[in-house]
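**Student:** Pasted the sequence and its predicted model underneath.
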Amino acid sequence: MEDENKPLEEETQENETTENEAIQISNDVIAVIAGVAVSEVQGVSSMAGGFAGGISEVLSGKKNLAKGIKVEKDETTVKIDVNIIVEYGTRIPDVAFEIQNRVKTSVENMTGLTVEEVNVHVQGVNTETIKQEENEEENTEIENEEGKE
């Protein structure tokens, strides 16, 4: 009787692995997973996407989580390129390293695919916050001078 049960167990195990291998995950899904991981990293001002991505975001009114992310997928491996704009004053190597770790961990855990590369391309530095701080400092200086008169 024991011999009769073994082939049945082996067949079910084969069917399970075949079903899992047949699952295809879209590049867009991988890009969104990576985009969410990048958005959680401190020091990233925004994603740098193309002109078309910016227009579609404005027209739809929705934030495009896959903006600035390019995915190349093989059977079991993935290569991901991330284009970002960093905040002024942050250490770019630290930000890039954190992005690589988070994207790799998130994509591998959620998809089961192996992430071979996460390439981080810094497209620019956001200096708007510095300009705002300078304007606020000037305004307080002017108010202080007016108060003295």
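**Tutor:** Sure thing, it's come through.

**Student:** Could you point out the longest strand of this structure?
**Tutor:** When the chain is parsed with DSSP state E, its longest strand is strand 114-126.

**Student:** What are the buried residues along that strand?
**Tutor:** Using 16 or more other C-beta atoms under 10 Å as the test for burial, strand 114-126 gives 115, 118, 120. C-beta coordinates here come from the backbone N, C-alpha and C atoms, glycine included.

**Student:** before we move on, which element is the residue lying closest to the first one once chain neighbours are set aside in?
**Tutor:** What that stands for is residue 115. Closest residue to residue 115 in three dimensions, ignoring its sequence neighbours and counting by C-beta to C-beta, 6 or more residues apart in numbering: residue 104, at 4.5 Å. Secondary structure assigned from DSSP states H and E places residue 104 in helix 92-111.

**Student:** Now do that helix, average pLDDT.
**Tutor:** Across helix 92-111, pLDDT averages out at 95.

**Student:** Just want the angle from that helix to strand 114-126.
**Tutor:** Following axes from the mean of the first three to the mean of the last three C-alpha atoms, to 10 degrees, one obtains 140 degrees for the angle between helix 92-111 and strand 114-126.

**Student:** Extract the CA atoms of helix 92-111 and return them as CSV.
**Tutor:** What follows is the C-alpha trace of helix 92-111 in CSV, where atoms were taken according to Å, rounded to 0.1, in the frame of the first residue of the first chain:
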residue,chain,number,x,y,z
ILE,A,92,23.9,60.3,-3.2
PRO,A,93,25.9,57.0,-2.7
ASP,A,94,23.8,56.3,0.5
VAL,A,95,20.5,57.0,-1.3
ALA,A,96,21.5,54.8,-4.3
PHE,A,97,22.6,52.0,-2.0
GLU,A,98,19.3,52.1,0.0
ILE,A,99,17.3,52.1,-3.3
GLN,A,100,19.2,49.1,-4.6
ASN,A,101,18.6,47.1,-1.3
ARG,A,102,14.9,48.0,-1.1
VAL,A,103,14.1,47.4,-4.7
LYS,A,104,15.9,44.1,-4.8
THR,A,105,14.2,42.9,-1.6
SER,A,106,10.7,44.0,-2.6
VAL,A,107,10.8,42.6,-6.1
GLU,A,108,12.3,39.3,-5.0
ASN,A,109,9.9,38.8,-2.1
MET,A,110,6.8,39.7,-4.1
THR,A,111,7.5,38.0,-7.4
